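[1] below are the sequence and a predicted model for it; my questions follow.
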Amino acid sequence: MVNIVPEITRKSIVELIENGERADGRSIDEYRDISVEVGVIEKAEGSARVKIGKTQLVVGIKPQIGDPFSDTPNVGVLMTNSELLPMASPLFEPGPPDERSVELARVTDRCLREGKILDLEKLCIIPGEKVWMIFVDIHVLDYDGNLMDAAVLGSVAALISAKIPNATVEDDKIVLDEENPVALPINEKPLMCTFAKINGELINDPSLDEENVMDARISIGVREDGSICAMQKGGEMPLTKEEVISAVSRTIEKTKELREYLP
Amino acid sequence: MVNIVPEITRKSIVELIENGERADGRSIDEYRDISVEVGVIEKAEGSARVKIGKTQLVVGIKPQIGDPFSDTPNVGVLMTNSELLPMASPLFEPGPPDERSVELARVTDRCLREGKILDLEKLCIIPGEKVWMIFVDIHVLDYDGNLMDAAVLGSVAALISAKIPNATVEDDKIVLDEENPVALPINEKPLMCTFAKINGELINDPSLDEENVMDARISIGVREDGSICAMQKGGEMPLTKEEVISAVSRTIEKTKELREYLP
Amino acid sequence: MVNIVPEITRKSIVELIENGERADGRSIDEYRDISVEVGVIEKAEGSARVKIGKTQLVVGIKPQIGDPFSDTPNVGVLMTNSELLPMASPLFEPGPPDERSVELARVTDRCLREGKILDLEKLCIIPGEKVWMIFVDIHVLDYDGNLMDAAVLGSVAALISAKIPNATVEDDKIVLDEENPVALPINEKPLMCTFAKINGELINDPSLDEENVMDARISIGVREDGSICAMQKGGEMPLTKEEVISAVSRTIEKTKELREYLP
Amino acid sequence: MIIILTNNNDNLRADGRAFDELRPLKIEAGVLEKADGSAYLEIGGNKILAAVYGPRELHVRRIMRPDMAVIRCRYNMAPFSVGERKRPGPDRRSVEISKITADALRPAIFLERFPRSTIDVFIEILEAEGGTRCAGITAASVALADAGIPMKDLVVSCAAGKANGNVILDLSEEEDKEGEADVPIAIMPRSGEISLLQMDGHITPDEFDKALNLAIEGCKQISEAQKNAIKNRYGEENG
Amino acid sequence: MIIILTNNNDNLRADGRAFDELRPLKIEAGVLEKADGSAYLEIGGNKILAAVYGPRELHVRRIMRPDMAVIRCRYNMAPFSVGERKRPGPDRRSVEISKITADALRPAIFLERFPRSTIDVFIEILEAEGGTRCAGITAASVALADAGIPMKDLVVSCAAGKANGNVILDLSEEEDKEGEADVPIAIMPRSGEISLLQMDGHITPDEFDKALNLAIEGCKQISEAQKNAIKNRYGEENG
Amino acid sequence: MIIILTNNNDNLRADGRAFDELRPLKIEAGVLEKADGSAYLEIGGNKILAAVYGPRELHVRRIMRPDMAVIRCRYNMAPFSVGERKRPGPDRRSVEISKITADALRPAIFLERFPRSTIDVFIEILEAEGGTRCAGITAASVALADAGIPMKDLVVSCAAGKANGNVILDLSEEEDKEGEADVPIAIMPRSGEISLLQMDGHITPDEFDKALNLAIEGCKQISEAQKNAIKNRYGEENG
């Protein structure tokens, strides 16, 4: 569904930004209210509910024992999926994941994977035969912009808080101790910052109204040490090199704030 | 496809029922002509053709050796599918099963399964490893109302008449004796009775015209001893508690008649 | 998409054929320019690019080790697929193979399989357990008529030129020698000839314009010894018996010419 | 003299409930921002969200009705809502539940006021612990009210059943799995009419009768919680 | 003197048929209630239903033809029609057979009389024992006639082929599997024109010639059975 | 005295390239007959076809824009383009690449000249050896020009990245697999603006800066090859 924004809305958002202001009173580099709550789904081995302003999603972690990929026989598997639930927006429709949903899942996946959130080698149970597969399912409940930052924040929080059964091998059989679950082998805690370019200005944490009028979008994932692990440009218009460089350094600063919300 | 019934048809059906009559001359609790013929498909290990009035379907039984479900390692599997063939009605379209087809298959499945038609434990071949999977495929050829009663009647008849290869285990190998097939381990013979509520009256065995004007539908499955094994309300309007209770006792009586048609 | 041909085009093609002529100057039984180039895709174990006039396709061969079919435990598997890429014609749309694509793949498959192009028994690696599966993928890049002859020609050329790893069995393990690849066990080289019937005349190698106005189509596959291995009639109108018989003998002659293009 | 102390029914259920006792229940209306109406419901270990969009324009001509709105329901389980991860996307179970949920809600809505349009109900099972279809219907009703959809009544849903030989109210996951029968129903409490009724298991007509009555009583209790949720939502807005 | 009694060809086929002999055949028209036209056909172990709806309105604009009706065919095998259960839904084989069935029937129908509409043919293989595509076309023709679709001729279909080195008519399942070649055809008997022709296997041009003639003879025999089926249906209605 | 001879960067890459050196590149415009525009591109072991249809009528109302054309891209890998056969049909990776390819090309096209219509870009990876998404975008630009689509600029795409601790241009398949980071970009060379930017791996901001500059330089080189391809095509037509 094409989302046509009334000219008057566009104009008002653009004019505010020209003055360094935003419709909801935020400054250019300010996030909306953020809340992160872990352990919200008891049946999930890990879970988190994230709200950024009116955007809300739940991330659930489920482990499963499976076969390793043939080219990486001794490492576990991390799988990220997302569902843009039709309840989250009048623009979302039931059915198999569309390109927005696929992009959200794949960018989140890259940020987690390249950000080395898990020590996947420790998730090997029997080398070459059985490994833990860790499923990260992102369930979008309310869509008011900036899904990527929320998805990464929620995924990291859920993974950090997850506990899976302890798996040991006795006589070639896998023994799962569900009574004494263990935390996942957390390595790094990558986070992501998204900017919308409106009228030549890069603003943090775009709301849906802002996304609807933005020229471009850039999302940057960084590790705690400030190294970059993922990047994705979106939107219909281009960015300048200077804008990209500036977004990188702003991300490094801004993710320090976001990091406070992790459990 | 929405099926709009001409007001005149609706009125005539309703007025007849007010007088305890029906368009085809039946009384309120009378079934149309029923025929049940078993063994109609030689390649199927069991089969039945059922006609109730102008409604016609064929049920085929195919056994297959497969893995048991992990939570029930020592019992066989019963699987029920249905196809509302596009030849059966101008309202049916080719394609994957729609919600009507899924409902028909699942209600029939519950009636058979909860009615304990088969002793599934006897369908285990190698405990924890190999069991018989019994497929019940309901193929609807002509649709003139009341598919559920026909589907259950046909499934029960086909299962009763089925013969599958005798499976024995020798030296860890499964030996199938196709020369001396054996009957399925039949436990109970559940049957189902469907009522349409029209103008406050519950009528048995609704025709398609009657289904098109009915307010609600209730289908009840019972075992031979009169205990209830399945129930499903359908239709756009509600039922009263008294109607439900009355449908139960009428079902217990009426299925005695239906039972005569079983082989 | 229905392809409506302007009446004037139809008339001009028909009139030309009445005079034994064709729009591009060919005679009735003449092929357009043909080129066959093998080894065009280095990552494919076999490949060929075929052009017949403005029709162009690439065929790639990929081997894969898999399980044999249970009813033929000691023979390899040949699988033929085709994709009518949307780039090849404004009439082709993205999505799963439609009936034209399925027909192309299945007729090519029958011509190769029944023409005994491969000695499939030699593609067994461990009897009853592991065999080579040879995938023939036909990728249609430009569609200007007569896909079948091009698909068979390209498939045969690609299979002839293919080299797969040498597979040996040591201590129950399959050892693949990728350094010393071996040719596929080529048995026969079947080829196919397609005729369009226009105004009662059978013309070879119809162009797209000719296909659009043809009454019927017949494709015949023959081995080198002139025996027939596959046949498929298409199109909206019938053929006479005499036309079929004549097409067979013309095919036997004409495939001798086509055979020159094989590597 | 020996006195044997007998409890009443209370301790006969694994979770200590009386036969006619519901699991702890919580309903909240208006929990989502984008949906026209929404509700969150917890009963026992179930966590359920329902959202409503509409009445809105219906783009699928094939199902459009010129004289009334259609109601479309989608019941969906989150992959992480159950013990073993559920693959995303509809299966046969969720297709059937979606259909009977629409059937259960439909008679309460004044559909004829919105010809050619649709009312879309989305039910999301975030965590499942037995009785999700009933909980979904109960939550959807509150979401419909929250969306301001004109209704004759607030449909409410609850199951009774039989486990360990006893007729009991509101089966937990374990009771559903191990028990003999499950009878989920939905009613319109004002008229007492039944808009959803299913049953599977093994039960005598008398026991069914008892279960049906018990389920109706359960519905009435839950109905109060629905009304409170709507009242709280309304109070909040005016507060 | 020793006399060796030789049969003629009769005993050279597993089922005792002569080389040019059809399997037992039965055709009945008008067997379904809802379809506009229908037919049931048995040949050997094949059991086949065909049904026709139309001419009726075509809702798929993409394939609509402003000057004539389109014919759509769906060939489908029941899951229980074969030895090992077939998974429901179309596969590549049924997609191809559906297409060539439409091609085989199309030239016999006065499609130009029904612009912008569709004639839908549904073929259901209830039991398969070799030769289902031909049997389906033969049955579909009778169903088209039963539906009152105006036609130039009754398309009829039959296969010949080669097995054990002999050219034979109407291959059974076993002959099809073990044999050297299969040549299914369909003809319009009045003109003798061929509207379906396929072949797979290994056969010389001379043998093909023989097989083609044999198949045409087979078609002619089956054509009589088609006409009788329609006559019986017509008689029945007037009797 | 011992003199240690050091090469400059050249021999530090497996294929002998300098850090800032592209793989051998070849672009040809107008290679297909049916498409409105087309291009063939080889870079290293990549073999890529791009084709353009349009502006043409858009039949999917859901995505139509009343004030401009939409651009639809389909990136597809041939089953035989990679080491292990790829199953036909879109996967999540190709869905994402198709989307960002459209995003990368869109700003260069005067879409507002063709309201309610579509420009369809098809990219076919015949052989893949690292960097197919960039190669696809570069080829698609040439195909758009070949189709006569009015454009502000020729979008061009190239990746830089990091392998063995060095920032390098245009990663080969092996460098992409074994290396530390990959930064594919697309630019509009006239303005230098960036219309595609992705990154995955592990890189410091300074290295990223260096990689970005390197990729931009690479784009500029490839841009020349694009222009030559179009010139050759144009020359050919007038020659």
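    Now that the structure is in, tell me what you want to look at. Numbering: from 1, shown residues only, chains lettered A, B, ... in the order given.
[2] how near is residue A:92 to residue F:170?
    Counting by Cβ to Cβ, to the nearest Å, the separation of residue A:92 from residue F:170 is 38 Å. Every residue, glycine included, has its C-beta placed from N, CA and C.
[3] ok, now residue A:238?
    Residue A:238 sits 21 Å away from residue F:170, going by Cβ to Cβ.
[4] kindly report the same for residue A:116.
    Using Cβ to Cβ, one obtains 26 Å as the distance from residue A:116 to residue F:170.
[5] neighbour count winner among these two?
    residue F:170 (26 against 16; other Cβ atoms under 10 Å in any protein chain shown).
[6] surely the more buried one is in contact with residue F:135?
    No. Here residue F:170 lies out of contact with residue F:135, judged by Cβ atoms under 8 Å, at a distance of 9.8 Å.
[7] and the residue of chain D that's closest to chain E?
    Distances between chain D and chain E by Cβ to the nearest Cβ are smallest at residue D:62, namely 8.2 Å.
[8] next: chain A.
    Residue nearest to chain E within chain A: residue A:96 (17.4 Å; Cβ to the nearest Cβ).
[9] that older thread, near the residue of chain D closest to chain E, how many other residues are there?
    As a burial measure, residue D:62 scores 9 neighbours (other Cβ under 10 Å).
[10] confirm it sits in a helix?
    Yes. Residue D:62: assigned to a helix according to DSSP: H, G, I helix; E, B strand; the rest coil.
[11] how near is it to residue A:200?
    Residue D:62 is 47 Å from residue A:200, by Cβ to Cβ.
[12] now swap in residue D:197 and tell me
    Separation of residue D:197 from residue A:200 (Cβ to Cβ) stands at 62 Å.
[13] the two: who's more crowded?
    Taking neighbours as other Cβ under 10 Å, residue D:197 and residue A:200 compare with residue D:197 leading, 28 against 11.
[14] give me the beta-bridge partners of the closest residue to the more buried one other than its chain neighbours?
    Closest residue in space to residue D:197, ignoring its immediate chain neighbours: residue B:233 at 3.9 Å, by Cβ to Cβ, 6 or more residues apart in numbering or on different chains. In this entry, residue B:233 is beta-bridged to residue B:218, by DSSP bridges.
[15] mind checking the SS state of the residue of chain A found nearest chain B?
    Chain A approaches chain B most closely through residue A:65 (12.0 Å), counting by Cβ to the nearest Cβ. Three-state call for residue A:65 (three-state DSSP): strand.
[16] pLDDT score assigned to it?
    Looking at residue A:65, its pLDDT is 96.
[17] over to the one 4 residues further on?
    pLDDT, residue A:69: 93.
[18] ok, the residue nearest to it when sequence neighbours are not counted to residue A:183 distance?
    Leaving out its chain neighbours, the residue that sits closest to residue A:69 by Cβ to Cβ, 6+ apart is residue A:77, at 7.0 Å. As judged by Cβ to Cβ, residue A:77 and residue A:183 stand 18 Å apart.
[19] between those two, which one's more packed in?
    Neighbour comparison, residue A:77 and residue A:183: the larger count goes to residue A:77, with 18 against 12 (by other Cβ under 10 Å).
[20] for the residue positioned nearest the centre of chain D, give me its contacts.
    By Cα atoms, centre = their mean, chain D has its centre lying nearest to residue D:134, at 2.6 Å. If a contact means Cβ atoms under 8 Å, 6 or more residues apart in numbering or on different chains, then residue D:134 has D:157, D:158, D:159, D:184, D:185, D:186 as its contacts.
[21] swap in 10 Å and give it another go.
    Residues near residue D:134 by Cβ atoms under 10 Å, 6 or more residues apart in numbering or on different chains: D:43, D:46, D:48, D:101, D:104, D:156-159, D:170-171, D:182, D:184-186, D:196, D:198, D:215, D:218-219, D:222.
[22] which of the residues you listed fall in strands?
    Under the assignment DSSP state E, the contacts of residue D:134 contribute D:43, D:46, D:48, D:156-159, D:182, D:184-186, D:196, D:198 to strands.
[23] if you rank those residues by neighbours, which is first?
    When neighbours are taken as other Cβ under 10 Å, the top entry among the ones in strands among the contacts of residue D:134 is residue D:186 (32 neighbours).
[24] ok, the residue of chain A closest to chain E - how many residues close by?
    Using other Cβ under 10 Å, residue A:96 has 9 neighbouring residues.
[25] what about the helices in chain A?
    Along chain A, the segments classed as helices by DSSP state H run A:7-18, A:99-114, A:147-161, A:208-213, A:241-259.
[26] chain D too?
    Assigned by DSSP H, the helices in chain D fall at D:92-105, D:132-146, D:173-178, D:205-238.
[27] can you check the pLDDT for residue D:213?
    At residue D:213, pLDDT is 97.
[28] can you check the one 4 residues further on too?
    On pLDDT, residue D:217 comes in at 97.
[29] can you list the weak-confidence ranges in the chain?
    With no chain named, the answer covers chain A. Within chain A, the ranges that satisfy pLDDT under 70 run A:1-4.
[30] hmm, no, I was thinking of chain D.
    D:1-11, D:236-239.
[31] tell me which parts of it are close to chain F?
    residue D:59 (Cβ under 10 Å from any Cβ of the partner chain).
[32] residues of chain D that sit close to chain E?
    With the criterion set to Cβ under 10 Å from any Cβ, chain D comes near chain E through D:61, D:62.
[33] any idea which residue of chain A is furthest from its center?
    What lies farthest from the middle of chain A is residue A:171; by Cα atoms, centre = their mean that is 39.9 Å.
[34] for the residue in chain D that chain A sits nearest to, what are its contacts?
    Per Cβ to the nearest Cβ, residue D:80 is where chain D lies closest to chain A, at 2.5 Å. Taking Cβ under 10 Å, 6+ apart as the contact definition, residue D:80 lies against A:41, A:43-47, A:58-62, A:135-137, A:139, A:158, D:86, D:126-127.
[35] tally of neighbours for residue D:89?
    Neighbour number of residue D:89 under other Cβ under 10 Å is 13.
[36] pick out the residue in chain A sitting closest to chain C.
    Closest residue of chain A to chain C, Cβ to the nearest Cβ: residue A:70 (11.9 Å).
[37] you'd agree that residue is up against residue C:65?
    No. Counting by Cβ atoms under 10 Å, residue C:65 is not a contact partner of residue A:70; they are 11.9 Å apart.
[38] so residue A:118 touches residue A:155, yeah?
    No. When contacts are counted by Cβ under 10 Å, residue A:118 is not listed as touching residue A:155 (11.0 Å).
[39] and for these two, which residues touch both?
    The contact sets of residue A:118 and residue A:155 overlap at A:78, A:112 (Cβ under 10 Å, 6+ apart).
[40] who has more neighbours, these two?
    With neighbours defined as other Cβ under 10 Å, residue A:118 and residue A:155 compare such that residue A:155 has more, 29 against 23.
[41] circling back: so what's the residue of chain A closest to chain B bridging to?
    residue A:132.
[42] can you count the residues close to it?
    By the criterion of other Cβ under 10 Å, residue A:65 has 15 neighbours.
[43] how much space between it and residue F:168?
    39 Å.
[44] re earlier: nearest to residue F:69, out of the helices of chain D?
    Evaluated over the helices of chain D, closeness to residue F:69 peaks at helix D:92-105, with 37.7 Å, by Cβ to Cβ.
[45] quick one: distance of that closest one to the chain centre.
    Centroid separation between helix D:92-105 and its chain, computed with Cα atoms, centre = their mean, to the nearest Å, is 11 Å.
[46] what angle separates that helix from helix D:132-146?
    Calculated by axes from the mean of the first three to the mean of the last three Cα atoms, to 10 degrees, helix D:92-105 forms an angle of 40 degrees with helix D:132-146.
[47] and residue D:199, how close does it get to residue D:185?
    Between residue D:199 and residue D:185 the distance is 9 Å, computed by Cβ to Cβ.
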